[in-house]
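> Return atomic coordinates for the entry below.
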Amino acid sequence: MCEKYYLDLFSGIGGFALGALWAGFEFNKHYYSEIDKYAVDVYKKRFPTAEALGDIKDVNYEKLPKGEYYVTAGFPCQPHSIAGKKQASKDERDLWPECRRMLRELRPRAALFENVPGLFISDGGRFFNGIMSDIYRCGYDAEWQVISASEIGAPHIRKRVWIACYPNNRGGTYHHHWRTPDANMERGNRSYENMKMRLEKGKPLNLNDQLNAIHKGLLPEPSKKYFPTPTASDASTGAIMGKDDVFYLTANGIPRRINKSGNDGSLGLARYVKYIPTPQKRDFRSGQANRVNRKGKQNNLNDYAKLLSNNDGQLNPDWVEALMGYPYGWTDIDKEIEFEIDYPARWLNEKWENNIPRITQVAKNRINRLMCLGNSVVPEIPYILWLLVNDMIEYENKETL
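Take a look at the predicted model:
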């Protein structure tokens, strides 16, 4: 039997690898490529047997052992983000050509790619068309979908483009109908009675079983209150406030702000948790975030900042880990953690914050941790996509019988 290898490109803190672990994948060898020093430290800590390959530009695929490769790559989003200059292939940070080189030289059995939705409109749509052309010319087929973290219960939106890629010459044609979270509930492999028994004994359910338990009334629907999704800028102060900015919540509970020119923009997670604390019934008396004036208009953010100026705390990376779906302490390289293979998506429990404060006075490596989390994937989504890869493998095995 051919040996199986895993290659995690632009690996960050290991969100793709964690999803593979939860999905039950086992590999003979695990490689990764990352250049951010702190992210590498986290990866080494959580996947100590994985071998670092350094900068993706220096990876020599001919030196890797022969076998069946599975590759993941969340290639840099800055050239395509609507928050950036949108220079696409003219941006020196565009590293899609390295993904193309990997497909040509390594010939993986499956590859999963991730980026921001701006990828679709980058360079007027030509960049995404170029990706599809590259994949086809390398001898692969692909399917893609926009999946939000909120679709699997997370209390933030975080839309991302996910691309599944596989060889188009492996006997038969494989076309997968992407599972929506509702359809994915059927992947839960426990019976109603078994799930009920585990819940009564306080034992965890995996993501699919949790979704199925909600569908069958064994667990309550998750809260629909949304936070801003984490970004690398949260490592500092987040979105810059103007003195005349006005804060409001969308119908989905997403915080936004309007500046004096009437432009609508993101508030940012760091600003939100510092200046807009958890709502309480007495907020209307205490001058907190959701207070309105006598004319029915909300006070501006500068007023909130003055009200809370004695709070010198900053966004807590422990809390952001929970928001992103990572095990507690995942990015704390000084912390030993234990996590189960069937690790649940904690947001499906209304008490997902687990009393972790959103603001902290002291947190070692806080900036590095927040930057890495802001650039990472929500690992529960790769977990579902790894199940898709498993479906592909089973399909191909049946075709070759």
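
> C-alpha only now, for contacts and for neighbours.
Will do.

> what's the domain layout of the protein?
4-182+376-399, 232-314, 316-374 (automatic domain parsing).

> Pick out the shakiest of those domains, pLDDT-wise.
With a mean of 54, domain 232-314 has the lowest mean pLDDT of the domains of the chain.

> tell me how far the ends of that one are from each other?
For domain 232-314, the first and last residues are 14 Å from each other (CA to CA, to the nearest Å).

> Could you do stretch 322-330 as well?
From the first residue to the last, stretch 322-330 extends over 10 Å; the measure is CA to CA.

> Out of the domains of the chain, flag the one nearest Ala213.
Ala213 sits nearest to domain 316-374 of all the domains of the chain, at 10.3 Å, using CA to CA.

> per-residue pLDDT, Lys224?
Lys224 is assigned a pLDDT of 57 by the prediction.

> quick one on the thing from earlier: mean neighbour count and distance to Met197 added to the domains of the chain, as a markdown table?
Below are the domains of the chain laid out as a markdown table (neighbours: other CA atoms under 10 Å; distance: least, CA to CA, whole Å):
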| stretch | mean neighbour count | distance to Met197 |
| --- | --- | --- |
| domain 4-182+376-399 | 18 | 22 |
| domain 232-314 | 16 | 34 |
| domain 316-374 | 19 | 16 |
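
> if we compare those, which one ends up closest to Lys203?
For the domains of the chain, distance to Lys203 was read as CA to CA. The smallest value, 10.3 Å, belongs to domain 316-374.

> do you know how far the closest residue in space to Asp264 that isn't next to it in sequence is from Arg46?
With sequence-adjacent residues excluded and distances taken as CA to CA, 6 or more residues apart in numbering, Asp264 is closest to Ile258, at 4.6 Å. As for Ile258, its distance to Arg46 is 41 Å (criterion: CA to CA).

> Kindly report the same for Ser261.
Taking CA to CA, one finds Ser261 at 47 Å from Arg46.

> how would you label Ile163: helix, strand or coil?
Using DSSP: H, G, I helix; E, B strand; the rest coil, the structure places Ile163 in strand.

> ok, it touching Glu114?
Yes. Contact criterion CA atoms under 8 Å: Ile163 and Glu114 qualify, at 6.4 Å.

> if we can go back for a sec, can you lay out the domains of the chain as CSV showing distance to Gly217?
Below are the domains of the chain laid out as CSV (distance: least, CA to CA, whole Å):
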stretch, distance to Gly217
domain 4-182+376-399, 14
domain 232-314, 23
domain 316-374, 13
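
> Let me see the contact set for Gly15.
376-379, 382 (CA atoms under 8 Å, 6 or more residues apart in numbering).

> May I ask which two of the residues you listed are separated the most?
Once CA to CA is applied, those give Ser376 and Pro382 as the farthest pair, at 11.5 Å.

> coming back round to it: point out the one among the domains of the chain that comes closest to Ser191.
Of all the domains of the chain, it is domain 316-374 that lies closest to Ser191, at 16.1 Å by CA to CA.

> now the strands for the stretch 1-150 of the chain?
Assigned by DSSP state E, counting those that start in this stretch, the stretch 1-150 of the chain shows strands spanning 4-9, 29-33, 51-52, 68-73, 110-115, 140-148.

> sorry, that was for the stretch 301-401 of the chain
Along the stretch 301-401 of the chain, the segments classed as strands by DSSP E, counting those that start in this stretch run 314-315, 359-360.

> what does the last one contact?
With contacts defined as CA under 8 Å, 6+ apart, strand 359-360 is touched by 273-274, 313-316.

> That strand pairs with which strands, parallel or anti?
When sheet partners are counted by DSSP bridges, strand 359-360 sits next to strand 314-315 (antiparallel).

> what residues are up against the closest residue to Phe16 other than its chain neighbours?
Nearest residue to Phe16, sequence neighbours excluded (CA to CA, 6+ apart): Pro382, at 5.5 Å. Shown in contact with Pro382 (CA under 8 Å, 6+ apart): 15-16, 19-20.
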